[in-house]
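Asks: Predicted model, plus sequence, below.
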Amino acid sequence: MDMPIVNKCTADSCAYNQEHTCHALAITVGEPTHPQCDTFTTASVRGGDASATGHVGACHMGDCQHNVDLECQAPGISVGFHENTVDCLTYQPA
């Protein structure tokens, strides 16, 4: 199974974000009730691999239409702010 790519991330304050691209090797999405990006962090240094684009490693949103056995099956996702939280914007309730 291929891990879905993070097509775009508009959480510019995240340490893994450079020019709307996630450079964490794999992110984790959600807790059982909210599709937040659990990998989002602010730091004084940039993290991740600048030559890589992030992927979804795990998703805890079992009620998402893209989720099978807590693994994201979407071809790619977008991440960004929803209200005051950095969320998976691709999340769709089943």
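Replies: Sure thing, it's come through.
Asks: what about the strands in the protein?
Replies: 5-9, 17-18, 21-22, 26-31, 34-37, 55-59, 67-68, 71-72, 76-82, 85-88 (DSSP state E).
Asks: out of those strands, nearest to residue 47?
Replies: Nearest to residue 47 among the strands of the chain is strand 17-18 (9.4 Å), distances taken as Cβ to Cβ. Every residue, glycine included, has its C-beta placed from N, CA and C.
Asks: partners of the closest one, with directions?
Replies: Strand 17-18 has the following strand partners under DSSP bridges: strand 21-22 (antiparallel).
Asks: My guess is residue 38 contacts residue 26. True?
Replies: No: between residue 38 and residue 26 there is no contact under Cβ atoms under 8 Å: 11.1 Å.
Asks: Count residues in the vicinity of residue 90, would you?
Replies: 22 (other Cβ atoms under 10 Å).
Asks: which one of the strands of the chain lies closest to residue 43?
Replies: Among the strands of the chain, strand 17-18 comes nearest to residue 43, with 11.1 Å by Cβ to Cβ.
Asks: residues in contact with the closest one?
Replies: Residues outside strand 17-18 that contact it (Cβ atoms under 8 Å, 6 or more residues apart in numbering): 9, 11, 23, 46, 50.
Asks: these two touch, right, the fourth one and residue 12?
Replies: Spelled out, that is residue 46. No: between residue 46 and residue 12 there is no contact under Cβ under 8 Å: 11.6 Å.
Asks: returning to what we had before: of all the contacts of strand 17-18, which comes closest to residue 70?
Replies: residue 9 (21.2 Å).
Asks: what residues are up against the closest one?
Replies: Residues in contact with residue 9 (Cβ under 8 Å, 6+ apart) are 16-17, 20-22, 37, 54, 78-80.
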